[in-house]
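Peer 1: Structure for this input, please:
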Amino acid sequence: MAIQLRRKEKTFIDISIGFEPNPLTKDLPLVLDQRAIETSMRNLVLTRPGEVPFDRDIGSNVYQLLFDMNDPATEELIEVEVRRTIEFSEPRVEVRNVKAEGRPEEYAFLLTIDYNIIGRDEVITVQQILRPTR
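Peer 2: Sure, this is the predicted structure:
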């Protein structure tokens, strides 16, 4: 008789960024696992360095790159910056691939990130449209 060992998966929990308490329990809502990590990655990429008090290293320069020419060189710079930011600031994931696809007609970039959560085998793909805003 073969015994199968299963490792226990770790659950990742963050507090919802809305900070609106549950009307019944008055507790802050929690965001779990994949949704928590995707929210964290999006916030890291869209935060500029120096915006987080007392930690000038958190954030990326992607926001500045959105105002550059929509060409392959800018796509590559965005890919490098996103990968660097996530690898430096989000220890819960391992980045597999980052792809930025320019959409000049929309003045935007389609960002695709393939990653897996540390300790899990499933590769997850998340997409985000990045647009410059003033």
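Peer 1: Residue 27 and residue 61: what is the separation?
Peer 2: Residue 27 sits 37 Å away from residue 61, going by C-beta to C-beta, to the nearest Å. For the C-beta atoms, the positions are set from N, CA and C on the backbone; glycine is no exception.
Peer 1: More neighbours: these two, which one.
Peer 2: Ranked by neighbour count (other C-beta atoms under 10 Å), residue 27 and residue 61 place residue 61 first, with 14 against 9.
Peer 1: before we move on, could you check phi and psi at the most centrally placed residue in the chain?
Peer 2: Centroid-nearest residue in the chain: residue 41, 1.7 Å away (criterion: C-alpha atoms, centre = their mean). Residue 41 has phi and psi values of phi -60, psi -40 when expressed as degrees, to the nearest 10.
Peer 1: From residue 15, how far out is residue 81?
Peer 2: 27 Å.
Peer 1: hang on, I meant residue 103
Peer 2: In this view, residue 103 and residue 15 are 33 Å apart by C-beta to C-beta.
Peer 1: cool, residue 51 as well?
Peer 2: Distance from residue 51 to residue 15, counting by C-beta to C-beta: 19 Å.
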